[in-house]
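1. A structural model of the following input is requested.
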Amino acid sequence: MEHRPGLDPATAEIRRAVRAALQSVGGPVLVGLSGGADSLALAAAVAFEAPKAGIAAHAVVIDHGLQEGSDRVAARAVGTAQQLGLNAHAVRVEVAAPEGNGGPEASARDARRAALLDAARAAGAVAVLLAHTLDDQAETVLIGLARGSGAASLGAMAPEREEEGIRILRPLLDLRRTQTRSSCAALGLPVWEDPHNLDRRFLRVRVRQDVMPVLEAELGPGVADALARTAEQLREDAAAFADMIDETIEDIVEHAEAGIAVSVPALAANPPALRHRIIRHVVASEFGVSLTRSQTLEVARLVTDWRGQGPIDLPGCRAAREGTRLVFTTRMPV
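-> Next up is the predicted model:
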């Protein structure tokens with residue numbers, strides 16, 4: 001009897017995660033593919049599991065055109081996906097000049113997101129599958145901590161969310177980058193090594209190459225898992241706060257001339273964490289502006305430490321205490 005080698009353990013874990021994701025979808029899916037180890041391992045698992053689940057599977061490679069030869073990289077990734085059995089194609093996108101503090105990474109991410117959603121709609125896909133791993137999650141949390149981000153940002157990437165009516169799934173968030181590489185090696189998949197992943201101009205590269213190895217060496221090998229667990233716990237907290245805000249805000253908010261008003265007694269009766277979130281939520285919803293921590297605290301002082309101080313100018317709006325109301329109005333440009 002011919003001996004058949006056992007399935008690579010990493011491939012088995014990836015297929016198991018993908019199988020669970022596909023069972024939750026029940027309709028056509030689109031894999032976001034770059035040609036790197038993570039997305040190739042995901043694409044291979046989808047190509048294996050989707051036919052068994054009776055689900056049509058597609059893949060799209062977003063070519064930003066930011067590197068010489070990117071069209072060849074995209075074509076190779078498309079060819080590999082097609083050999084795996086996926087309906088695959090490439091899309092070339094133009095990356096707009098970065099605005100604000102986002103930089104080229106943020107601009108490329110926005111262009112990629114829009115192209116993925118367009119490709120999903122064109123394919124009739126109900127979900128987009130992305131290949132972020134536990135390592136990506138840990139790096140995101142660590143960068144957020146270094147920047148002093150709030151709990152919502154530290155929640156990092158959710159395993160599932162919905163955007164413009166399309167589900168965004170990350171089946172590999174509990175798996176390590178070493179597993180995707182092992183799976184690609186076992187399956188003989190041609191992995192593309194993105195030179196940007198070695199470019200130390202990018203903060204994430206420095207975190208990956210320098211910071212995480214030091215933390216793992218000094219604190220133990222469980223640092224990445226601990227950071228990912230922290231993100232999960234903070235997402236749960238953020239969801240709970242969001243529900244509390246939704247239940248509270250209709251009773252304490254009213255329209256005001258050129259803006260919106262919030263009941264001061266109601267705000268004062270809430271604990272600081274909820275009070276601050278309500279303030280940020282009101283400003284973001286009404287004026288499309290994200291307040292910093294210091295700006296939020298200054299507005300909160302109009303509630304908890306008001307001594308007759310005047311209005312506070314904020315980005316895009318102004319906050320003022322008027323009797324028992326905290327009023328936010330549009331701030332006219334100078």
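2. who does the lowest-mean-pLDDT helix or strand in the chain touch, helix- and strand-wise?
-> Within the chain, no helix or strand scores below helix 151-154, which has a mean of 72 by mean pLDDT, DSSP states H and E. Packing contacts for helix 151-154, counted by 3 or more CB pairs under 8 Å, 6 or more residues apart in numbering; DSSP states H and E, involve helix 134-146, helix 223-252. From N, CA and C alone the C-beta is placed, and that goes for glycine too.
3. lowest-confidence stretch among these?
-> Ranked by mean pLDDT, those end with helix 223-252 at the bottom, a mean of 88.
4. so what touches the following helix or strand past it?
-> Moving toward the C-terminus from helix 223-252, the next helix or strand (DSSP states H and E) is strand 253-256. Applying CB atoms under 8 Å, 6 or more residues apart in numbering, the contact partners of strand 253-256 are 260-263, 282, 325, 327-329.
5. among these, who's most crowded?
-> residue 328 (28 neighbours; other CB atoms under 10 Å).
6. near the nearest residue to residue 329 once chain neighbours are set aside, how many other residues are there?
-> Leaving aside its chain neighbours, residue 329 sits nearest to residue 259 (3.6 Å; criterion: CB to CB, 6 or more residues apart in numbering). Other residues within reach of residue 259, judged by other CB under 10 Å, total 18.
7. pretty sure residue 316 sits against residue 287.
-> Yes - applying CB atoms under 8 Å as the test, residue 316 and residue 287 come out as touching, 4.6 Å apart.
8. more neighbours: these two, which one.
-> Each of residue 316 and residue 287 has its neighbours counted (other CB under 10 Å); residue 287 has more, 20 against 14.
9. that one: what's it in contact with?
-> 316-317, 328, 330.
10. can you pull out the strands in the stretch 51-200 of the chain?
-> Secondary structure of the stretch 51-200 of the chain (DSSP state E, counting those that start in this stretch): strands at 57-63, 87-92, 127-129, 160-163, 166-169.
11. what ranges do the helices span in the stretch 201-334 of the chain?
-> For the stretch 201-334 of the chain, helices defined by DSSP state H, counting those that start in this stretch occupy the ranges 203-206, 212-219, 223-252, 264-269, 272-287, 293-304.
12. the first one: which residues count as buried?
-> Within helix 203-206, the residues that qualify as buried by neighbour count (16 or more other CB atoms under 10 Å) are residue 204.
13. cool, the longest one as well?
-> Within helix 223-252, the residues that qualify as buried are 223-224, 227-228, 230-232, 234-235, 238, 241, 245, 248, 252, counting by 16+ other CB under 10 Å.
14. distance check, residue 113 against residue 139.
-> Going from residue 113 to residue 139 by CB to CB, to the nearest Å gives 19 Å.
15. of the two, who's got more company?
-> Neighbours were counted for residue 113 and for residue 139 using other CB under 10 Å; residue 139 has more, 22 against 16.
16. residue contacts, the residue nearest to the more buried one when sequence neighbours are not counted?
-> Closest residue in space to residue 139, ignoring its immediate chain neighbours: residue 207 at 5.1 Å, by CB to CB, 6+ apart. With CB under 8 Å, 6+ apart as the criterion, the residues that contact residue 207 are 139, 142-143.
17. also residue 142?
-> Contact analysis of residue 142 by CB under 8 Å, 6+ apart lists 207, 211-212, 215, 227.
18. what bits of this protein have low per-residue confidence?
-> 1-5, 65-66, 95-106, 152, 332-334 (pLDDT under 70).
19. for the residue nearest the centre of it, what are phi and psi?
-> Computing the C-alpha centroid of the chain and ranking residues by CA atoms, centre = their mean puts residue 157 first, at 4.1 Å. Taking degrees, to the nearest 10, you get phi -90, psi 130 for the backbone angles of residue 157.
20. what's the spacing between the closest residue to residue 75 other than its chain neighbours and residue 233?
-> In space, and not counting its chain neighbours, residue 75 is closest to residue 90: 6.7 Å by CB to CB, 6+ apart. Distance, residue 90 to residue 233, using CB to CB: 38 Å.
21. what's the answer for residue 331, then?
-> Residue 331 sits 37 Å away from residue 233, going by CB to CB.
22. how about residue 33?
-> 31 Å.
23. so which of the helices of the stretch 201-334 of the chain comes closest to residue 41?
-> Among these, helix 223-252 comes nearest to residue 41, with 17.7 Å by CB to CB.
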